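>>> everything below, folded, please.
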Amino acid sequence: MALPLFLQSIENGRFSTWLRESDSPFAFYFVLLFHTFGLALLVGANSLVDLRLLGFFPCMPLAPLKRFFAIMWIGFWVNATTGVLLLIAYPTKALTNPVFYAKLTIIGSAIWILTKLQKEVFLDSLTEGDMIARGAMLAKWSLVLWVGAISAGRLLAYTYTYITFPS
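Numbers count the residues shown, from 1 in each chain. Next up is the predicted model:
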């Protein structure tokens, strides 16, 4: 009984109601737009690094791609912030949906891979060949996980049982 009351109390809050129901351009759709921008920064930059580690774009040197990690982390924090706001807008929709938990698990795994790439592959002491040898399998997993996270995120729009707490 505590969880439904918790969800209902969030949804009945002024901020949650404003996010969901406001006509302001800075409410729900603005947050959703920035969630998409964050996704583009994080997954776009990560995909380029992954593809390079897998042998695509062989004329592009690998070491300078280390700078993309800053872009990836900016995208992650934009997504984490906007994701919390989206959760506040529709807590029942997300927290009662198993797909939401699958999405979070996949994202956690993808971020773990991202951290391993940054700390174990993009070392100044490694040659490009060593970077590829260390990073190829991580890059494959990274691409698979980000496709899974994006797919789960899109499924959230269609797989919920309750959009808000039942009245």
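>>> now Leu123: closest residue in space, sequence neighbours ignored.
Among residues not flanking Leu123 along the chain, Met131 sits closest, at 7.9 Å (Cβ to Cβ, 6 or more residues apart in numbering). Any C-beta I mention is one placed from the backbone N, CA and C, and that applies to glycine too.
>>> show me the shaky parts of the chain.
Residue ranges of the chain with pLDDT under 70: 1, 167.
>>> same for the longest helix along it, what does it pack against?
Counting residues, the longest helix found in the chain (DSSP state H) is helix 128-155. Judged by 3 or more Cβ pairs under 8 Å, 6 or more residues apart in numbering; DSSP states H and E, helix 128-155 is in contact with helix 28-53, helix 98-116.
>>> any chance of the ones you listed in TSV, plus distance to Thr92?
Formatted as TSV, the helices and strands packed on helix 128-155 follow (distance: least, Cβ to Cβ, whole Å):
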stretch	distance to Thr92
helix 28-53	15
helix 98-116	11
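>>> out of those, which gets nearest to Trp18?
Across the helices and strands packed on helix 128-155, Trp18 has its closest neighbour in helix 28-53 (9.1 Å, Cβ to Cβ).
>>> give me the distance from the closest one to the chain's centre.
Averaging C-alpha positions (Cα atoms, centre = their mean, to the nearest Å) puts helix 28-53 8 Å from its chain's average.
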